[in-house]
Structures are given as structure tokens and as C-alpha cells.
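Chemist: curious how this folds, go ahead:
(chains A, B, C and D)
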Protein chains: 2
Amino acid sequence: MHDTGLAEASGLKAAGCRNVTPVLNRIGDKWSVLIVMILARRAHRFNELKREIDGISQRMLTLTLRGLERDGLVDRSVEPTVPPRVTYSLTELGQSLIEPVEALGRWAFAHIDCIRAAQQRFDAAIDADVPAQAGAPGALRAIA
Amino acid sequence: MHDTGLAEASGLKAAGCRNVTPVLNRIGDKWSVLIVMILARRAHRFNELKREIDGISQRMLTLTLRGLERDGLVDRSVEPTVPPRVTYSLTELGQSLIEPVEALGRWAFAHIDCIRAAQQRFDAAIDADVPAQAGAPGALRAIA
DNA sequence: CCGTATCCTGGTGGATACTG
DNA sequence: CAGTATCCACCAGGATACGG
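Modeler: Below is the predicted model:
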């Protein structure tokens, strides 16, 4: 395992985390990654995105798009026709994000079964330990 | 319908996203990645983690740890001494997460300046467009 | 030391109605 | 079409107190 990166002893610990955190906040939110992945295929217009995602509110689409634009990941171009024609696309920076995100996606895809199995084992163990009746004070089990 | 690669040029549709989303919810939360990265260096005991993170509440530490354990990323071992000695460490699965997360970390580190520059440009443009007086209805600008 | 139970607040995000 | 403005429900998560 090459250790070129973050987890190296002391140096990058705090520094590395402080750099990753804001990025995580962005890609960790409900819609950003999804939008980036959709725009990775091709540029989309506003309502095109809204239809494709379906489940997102206008508000959140606008907000997320603004955030991505602010971070320089997405480009917003307006053709001053009437009605206005607004097209969203990935910037170079945005495209460079695809690779690490896909790496994560591949990891998720590769291990999803493993994770689900672990979850079921865990939940089963809980039930075994706690044959408790309804209403009994549980053990912080808001996990399930 | 097994799509081996997540995002071939045109690929990555809903199926891929549904696999990534739960993972994103985990690594996207406030503490999970941080904990995983700390445990990547060495196993820690509960209060050791609490001290190292400092800013986290017991509640969230417990909750996050439980979540990671449930997903099979973290192993919790209790030595039945008194007082109890509980040690948390990464499982194999947990260790395999380090690589893609570090990839993201490297991306963040490499582009953080670029992002901050974009943000400042964006904010400056907003201020230029809106020399508005205080109290004026702004344009969804809860971004800054 | 390692948690759990309870209370409470602030922010996230959905629904809805309105505009250019 | 492409947003904005406003209201509101929900719950993540901090503070605190207690228990094995």
C-alpha cells in the first residue's frame, strides 16, 4: 500500500483533514455528486436536470448548482433569448473531480454486498442481545 | 443488470448512483472519514479518539463508531477487565476504504487553491452585481 | 472508563406561491 | 423556462446528567 498521501504520520494529519473537510461537505451533501455525474455525461439545462433527478426541489437544485458554480466546478451559461436558455456544464475543475469520485463509486459497488452483509449480521446480533419487549429503553439503537 | 464499471464514457446511470449514495451518506457525515483516517494510523480506545478529535461529543463519537461498526468498517473489541478496555480498529473492509478516500483527499489538496479562488471570484461578482442596500431582498444568496 | 437517556436548538431541505 | 421568496417540519447533533 503506497503511502504517498494523507495518513502519513504527523505532518498531513491536521492539514490534510482541514483540506478534505470542505470538499467532503460539498460532495457529501444530498445532490452535488449526483449532479456532477449527470453533467459528466453532457451539459444540461435547468429543467432537464430537474426532470432527470426527480425527487429534488427547485430550491435545492438552484442552491446546489449555485454552490457548485461558486466552487468553480460547474459553469452556468445564459443565452439571452426569451424565454432564457440556461445551460450547466462541468468546468475543467469539475471534470477532474469525476475521477476520485468514480474511484469511490467503484469501491462502493465492489463492497456493497459486503457492507449489507455486515449490517445484517450486526442487526441480528442486536436482536439476539436484546429480546426486549416493546417500550423498553434500548441501547442507542437508532441505527436501524 | 450488472454494470461492472461505474461510469464508462456514457455509463453511470441511476443504478451506479444508488450504490454510491449510501456510501456517500456515511463518508459524507461530519465525523466518519476523520475517524477512519485516525484509525488508519493505529487502533484507538474510546477516550483516546475523543481527545484526538476534540470537538466531537460522546454521543456523536458513539453513534459514528456504531455506524462504522455496523457497516463492517470498524472492529470493536472489548477486554472484560474493570474498568473495561474497548479498542477500535479498522477491519479489512475499512482499510480498503482508505485508498479511495485518500484519492479524494489528494484531489482536495491539489485543487483547494483553485476552489478558493473561484469562490472569491464568484463572491466578488455577486457584490458587483448587487450593490444593494441592507435589507433589500437578495437573490438566494445564503451561499456566502 | 465507556457508554446511555433526555432535552433542546439550529440548520437542512421540502412545499408552495410568485416573477421576468 | 428559470429562477426567488417565504414558511415550516424534521432531525442531526451539542450539552448535560446518570449508570455499569
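
Chemist: pull the residues that contact stretch A:109-118.
Modeler: With CB atoms under 8 Å, 6 or more residues apart in numbering or on different chains as the test, stretch A:109-118 has contacts from B:6, B:16, B:19-20, B:22-23, B:70-72, B:93, B:96. The C-beta positions use only the backbone N, C-alpha and C, and glycine is treated the same way.

Chemist: now do stretch A:49-57
Modeler: Residues contacting stretch A:49-57 (CB under 8 Å, 6+ apart): A:31, A:34-35, A:38, A:44, A:58, A:61, A:64-65, A:88.

Chemist: switch to 6 Å and redo it
Modeler: Stretch A:49-57 is contacted by residues A:31, A:38, A:61 when judged by CB atoms under 6 Å, 6 or more residues apart in numbering or on different chains.

Chemist: how about the residue nearest to the first one when sequence neighbours are not counted, what does it touch?
Modeler: If I follow you right, that is A:Trp31. Excluding the flanking residues, the one nearest A:Trp31 by CB to CB, 6 or more residues apart in numbering or on different chains is A:Thr64, at 4.6 Å. Listed by CB under 6 Å, 6+ apart, the contact partners of A:Thr64 are A:31-32, A:35.

Chemist: save these as JSON lines, and put in secondary structure and pLDDT too.
Modeler: JSON lines is the format used below for those (DSSP: H, G, I helix; E, B strand; the rest coil; pLDDT from 0 to 100):
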{"residue": "A:Trp31", "secondary structure": "coil", "pLDDT": "95"}
{"residue": "A:Ser32", "secondary structure": "helix", "pLDDT": "95"}
{"residue": "A:Ile35", "secondary structure": "helix", "pLDDT": "96"}
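
Chemist: just the residues you listed now: which is nearest B:Pro100?
Modeler: A:Ser32 (17.0 Å; CB to CB).

Chemist: that closest one is in contact with A:Leu24, isn't it?
Modeler: No - applying CB atoms under 6 Å, one finds A:Ser32 not in contact with A:Leu24, separated by 10.7 Å.

Chemist: near chain B, which residues of chain A?
Modeler: A:5-7, A:16, A:19-20, A:23, A:28, A:34, A:37, A:66, A:70-72, A:93, A:100, A:102-109, A:112, A:114-115, A:118-119, A:122, A:143 (CB under 6 Å from any CB of the partner chain).
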